[in-house]
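Trainee: With the input below, show me the fold.
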Amino acid sequence: MASQPDAARIEIHGHTEAGFKALRIAFEKNFQGGEVGASFAVTCEGRALVDLWAGHADRARTMPWRHDTLANVWSTTKGISSLCCAMLVDRGELDYDEAVAHYWPEFDAHGKGNVTVAMLLSHQAGLSGPREPVEWLDYCDTEKINELLLAQEPLFEPGSASGYHATTFGPLVGGLFRRATGRSIGSFLHDEITRPLAADFFIGLPESEEHRVAEMIGYDIGAPPVEFVNDIQRCALANPAADPEISNQRAWRAAEIPSVNGHASAAGIAKIYGALANDGVLNGTRLLSPETLAKATALRHKGIDHVFMLPFEWGAGFIRNAHKVLYGPNPNAFGHTGYGGSFGFADPERRIGVGYVMNKMGASLIGDRRGANLIRALDACF
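Mentor: Got it, this is the predicted structure:
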């Protein structure tokens with residue numbers, strides 16, 4: 001087994017503008033705490049305030065992490081998929097208040113006919129997980145998963161609560177998107193967002209980009225076991241059981257799972273959210289109107305989420321920062337966090353987009369200490 005380098009000798013690459021040196025210090029401290037490879041970026045009105053990367057892209061620590069290294073960002077993907085849906089709303093191709101079955105007639109079965117687009121995006125559809133046993137690679141065939149979900153009754157009354165659709169969000173929202181437009185979210189993302197913005201974010205990784213992808217490293221054995229308190233939680237998080245290294249398989253990377261298998265750099269995430277923090281436009285490319293952005297981030301549900309068992313406020317796919325817990329001190333910030341530690345968010349008051357990716361997975365679904373350290377340092381800079 002390769003020996004680990006002394007964290008004190010980790011070389012931090014990139015830059016911070018004047019006034020943001022605290023972020024370089026916090027980023028370096030994360031490596032002293034066990035970070036393997038990571039990048040962190042903050043943009044403001046198209047300008048990179050912070051763009052840092054360091055460490056290694058593999059477990060053996062033989063491949064240096066580079067500026068354009070990509071990592072599987074798990075549920076950070078959901079925020080970008082939600083943006084794609086918001087862009088359809090902006091163009092009149094989706095309506096948040098319309099029933100999903102209007103676009104997808106087969107969805108009107110087993111008590112799901114009244115589920116609206118906004119309810120599906122805000123985890124209120126009652127389809128947090130399949131009842132039938134599935135494996136992770138089954139999610140590479142999203143239509144197979146959707147057949148299971150369409151054939152089952154909701155796990156709770158749609159619209160009565162939220163229950164985080166941890167993985168099923170992807171097949172369901174991707175299925176809706178395809179039926180509304182004839183396009184996949186992955187192809188739309190490339191054509192309408194990442195290519196115009198020159199931002200690295202893939203849902204469905206081309207084989208040509210494999211050489212840039214970091215090896216994901218599972219969290220240490222000995223993490224406390226999860227005790228599930230209800231069937232909603234169990235279906236969402238234990239079917240299948242957690243496998244933080246499934247994303248090292250090519251089949252997983254190649255598939256389009258718009259909930260959990262986005263591959264991105266921190267700079268790419270920060271650039272996309274930077275556009276949203278700037279009224280939906282960046283460097284002459286308008287993603288959506290301020291009016292539609294307000295609809296996308298408006299409160300759709302708040303309360304104790306049946307899966308997280310924590311208070312959450314959901315927009316139309318975005319996590320709202322109303323409790324000022326995840327994304328700094330501004331309640332109007334919004335974004336999404338990923339299993340293992342990654343995150344991206346927009347803060348319209350400070351007009352910043354922020355992104356963080358890494359390959360050493362943390363055991364928490366949300367609230368990883370490394371990200372919290374960076375966000376505290378960012379807040380201190382304003």
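Trainee: okay, now residue 259: neighbour count?
Mentor: 23 (other C-beta atoms under 10 Å). Just so you know, the C-beta spots here come from the backbone N, C-alpha and C atoms, and that holds for glycine as well.
Trainee: Surely it and residue 173 touch.
Mentor: Yes: in this structure, residue 259 is within contact of residue 173 by C-beta atoms under 8 Å, at 7.3 Å.
Trainee: ok, residues contacting stretch 233-244?
Mentor: By C-beta atoms under 8 Å, 6 or more residues apart in numbering, the residues outside stretch 233-244 that reach it are 128-131, 133-136, 138, 155, 163-168, 216-219, 226, 228, 306-307, 309, 339-340, 361, 365.
Trainee: Quick check on those residues: which are buried?
Mentor: 128-130, 134, 136, 138, 155, 163-168, 216-219, 306-307, 339-340, 361, 365 (16 or more other C-beta atoms under 10 Å).
Trainee: circling back to that earlier point, shared neighbours of residue 259 and residue 173, anything?
Mentor: Going by C-beta under 8 Å, 6+ apart, residues that sit against residue 259 and also against residue 173 are residue 81.
Trainee: if I pick residue 148, what's in contact with it?
Mentor: Residue 148 neighbours (C-beta under 8 Å, 6+ apart): 130, 131, 132, 134.
Trainee: Name the helix or strand for the closest residue to the third one other than its chain neighbours, please.
Mentor: Read it as residue 132. Of all residues not flanking residue 132 in the chain, residue 148 sits nearest, at 5.2 Å (C-beta to C-beta, 6 or more residues apart in numbering). Applying DSSP states H and E as the criterion places residue 148 in helix 142-150.
Trainee: Now that helix: buried residues?
Mentor: So helix 142-150, judged by 16+ other C-beta under 10 Å, has buried residues 142, 145, 146, 148, 149, 150.
Trainee: if I look at residue 110, how far off is residue 381?
Mentor: 51 Å (C-beta to C-beta, to the nearest Å).
Trainee: between these two, which one's more packed in?
Mentor: residue 381 (16 against 12).
Trainee: Could you check how far the more buried one is from residue 29?
Mentor: Counting by C-beta to C-beta - residue 381 and residue 29 are separated by 15 Å.
Trainee: what does residue 359 give?
Mentor: On the measure of C-beta to C-beta, residue 359 and residue 29 end up 18 Å apart.
Trainee: Compare neighbour counts for the two and give me the winner.
Mentor: residue 359 (28 against 15).
Trainee: for that one, phi and psi?
Mentor: With angles defined as degrees, to the nearest 10, residue 359 sits at phi -110, psi -10.
Trainee: The closest residue to it other than its chain neighbours: neighbour count?
Mentor: For residue 359, ignoring the flanking residues on the chain, the nearest one in space by C-beta to C-beta, 6+ apart is residue 214 at 4.1 Å. By the criterion of other C-beta under 10 Å, residue 214 has 29 neighbours.
Trainee: OK, contacts around residue 214?
Mentor: Here residue 214 is in contact with 37, 57, 58, 65, 69, 70, 71, 359 (C-beta under 8 Å, 6+ apart).
Trainee: which residues does the residue nearest the centre of the chain contact?
Mentor: The centroid of the chain falls nearest to residue 76 when counting by C-alpha atoms, centre = their mean (1.1 Å). Shown in contact with residue 76 (C-beta under 8 Å, 6+ apart): 262, 264, 269, 336, 337, 338, 342, 343, 344, 357.
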